[in-house]
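In: Build me a model:
(one chain, ligands or ions: 1)
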Amino acid sequence: MEIISEQKCFGGVQGFYQHASHSTGTNMRFAVFQPPQAKTGSVPLLFFLAGLTCTEETATIKAGMQQFAAKHGLMLVMPDTSPRGLDISGEDDDWDFGTGAGFYLDAIRLPWAKNYNMGSYVSNELRGFILNNFNARPDKAGISGHSMGGHGALTIGLKHPDIFQSVSAFAPICAPIQCPWGQKAFTGYLGEDKSLWREYDATELVRQHPTQNMILIDQGNEDGFLEEQLHPHLFETACNAAGQPLNLRFHEGYDHSYYFIQSFIEDHIEHHAAILNND
Ligand SMILES: N[C@@H](CCC(=O)N[C@@H](CS)C(=O)NCC(=O)O)C(=O)O
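Out: Sure thing, here's the model as predicted:
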């Protein structure tokens, strides 16, 4: 592991790191906030997955999470949103596909299948790497994220409830099969067979695999992507039908930005801490 930088923050350490990933075949950057409690014992992990066009830096510098993670003793992990620097044809043509748009899935279509494996990278490789290199508890983890990262948090959380006991999201893409961002990404990474898309759609997954833990979702009413891309009501209907506890909150006047995230991040950290710190 290469340390890019480490700085003291709220009594803990905010660091940026790089490692060679076998899931993506590239060097991957990630950020970790170690709360002060990690100096004396292992602490639960909370992943925060960022959205389209973002990097490991975006939530780290814009969400304002560290002060609350320090208070509750949670270690924060912010991965990048895709492999980078591969020079695959078409990788940098659009901001919503390829670089910065890995969609937290494992691609099966060429030329993406070899490297665009952010699903197993986050849930398996990076998590294992953090456990080996930081003072984190192997039995306690949560996952959250924004927009495309909210889609990642919901789908990875629903698929691995044994690993991620707590799940939340800001303005997530709740039904990617039914929105342009998701249709474009799934066609490109997974191909035309739509039966394969269901594994990466939170609204489809929750019908099959509801969990016991309450999912918290915050959504701004003035979010310019809400109508066309996000579809929280479809997820809500599926949760109600499947018996999945859901706390979906709408907020008047808030948009899709990190100013919205900053305004409600404390509630999300408390949501995760209440589940992860219960023993
Ligand atoms: N580039 C897009 C916007 C992309 C966007 O809003 N990305 C969100 C995630 S979906 C984000 O968090 N951007 C980074 C930021 O706000 O700092 C556009 O021009 O409409």
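In: alpha carbons only for contacts and neighbour counts from here, please
Out: Noted.
In: Next one: the residue most central in space within the chain from Ala238, what distance?
Out: With the centre of the chain defined as its mean C-alpha position, the nearest residue by Cα atoms, centre = their mean is Leu49, 2.7 Å away. Relative to Ala238, Leu49 is positioned 23 Å away (criterion: Cα to Cα, to the nearest Å).
In: For the protein, which residues are neighbours of the ligand?
Out: Gly51, Leu52, Thr53, Cys54, Thr58, Ser147, Met148, Ser257, Tyr258 (Cα under 6 Å from any ligand atom).
In: Neighbour-wise, give me the winner out of these.
Out: When neighbours are taken as other Cα atoms under 10 Å, the top entry among the residues of the chain next to the ligand is Met148 (30 neighbours).
In: these two touch, right, that one and Ile173?
Out: Yes. Shown here, Met148 and Ile173 form a contact pair, counting by Cα atoms under 8 Å, at 5.8 Å.
In: on that earlier part again, quick one, phi/psi of the residue nearest to the centre of the chain?
Out: Dihedral pair for Leu49: phi -100, psi 130, per degrees, to the nearest 10.
In: again, but for Gly182
Out: For Gly182, the backbone dihedrals are phi -70, psi -40 (criterion: degrees, to the nearest 10).
In: any chance you could map the strands in the stretch 101-250 of the chain?
Out: When secondary structure is read from DSSP state E, counting those that start in this stretch, the stretch 101-250 of the chain shows strands at 136-145, 166-170, 215-220, 246-251.
In: Make JSON lines from the ones you listed and add mean neighbour count and mean pLDDT to it.
Out: Converted to JSON lines, these look like this (neighbours: other Cα atoms under 10 Å; pLDDT from 0 to 100):
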{"stretch": "strand 136-145", "mean neighbour count": "23", "mean pLDDT": "98"}
{"stretch": "strand 166-170", "mean neighbour count": "29", "mean pLDDT": "98"}
{"stretch": "strand 215-220", "mean neighbour count": "23", "mean pLDDT": "98"}
{"stretch": "strand 246-251", "mean neighbour count": "15", "mean pLDDT": "98"}
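In: Switch those over to CSV; also include distance to Lys39.
Out: Below are the strands of the stretch 101-250 of the chain laid out as CSV (distance: least, Cα to Cα, whole Å):
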stretch, distance to Lys39
strand 136-145, 10
strand 166-170, 24
strand 215-220, 30
strand 246-251, 34
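In: so who does the residue nearest to the centre of the chain touch?
Out: Applying Cα atoms under 8 Å, 6 or more residues apart in numbering, we find Leu49 in contact with 78-81, 143-146, 148-150, 152-153.
In: Cys9 versus the residue of the chain found nearest the ligand, what's the distance?
Out: Closest approach between the chain and the ligand, counting by Cα to the nearest ligand atom: Gly51, at 3.8 Å. Counting by Cα to Cα, the gap between Gly51 and Cys9 amounts to 24 Å.
In: Low-confidence ranges, the stretch 1-150 of the chain, go.
Out: Counting by pLDDT under 70, the stretch 1-150 of the chain contains no low-confidence segment.
In: hang on, Tyr17 in a helix?
Out: No. Looking at Tyr17 with DSSP: H, G, I helix; E, B strand; the rest coil, it is strand, so not inside a helix.
In: bridging residues for it?
Out: Bridge pairing for Tyr17 (DSSP bridges) gives the partners Ile3, Phe30.
In: burial of it, as a residue count?
Out: Using other Cα under 10 Å, Tyr17 has 17 neighbouring residues.
In: from memory it sits against Asn27, does it?
Out: No. The pair Tyr17 / Asn27 is not scored as a contact, 10.1 Å apart, by Cα under 8 Å.
In: re the thing from before, what about the residues of the chain next to the ligand, which are in helices?
Out: Of the residues of the chain next to the ligand, the ones assigned to helices by DSSP state H are Thr58, Met148, Tyr258.
In: got a list of what the second one touches?
Out: Counting by Cα under 8 Å, 6+ apart, Met148 makes contact with Leu49, Ala50, Gly51, Leu52, Ala101, Phe103, Pro172, Ile173.
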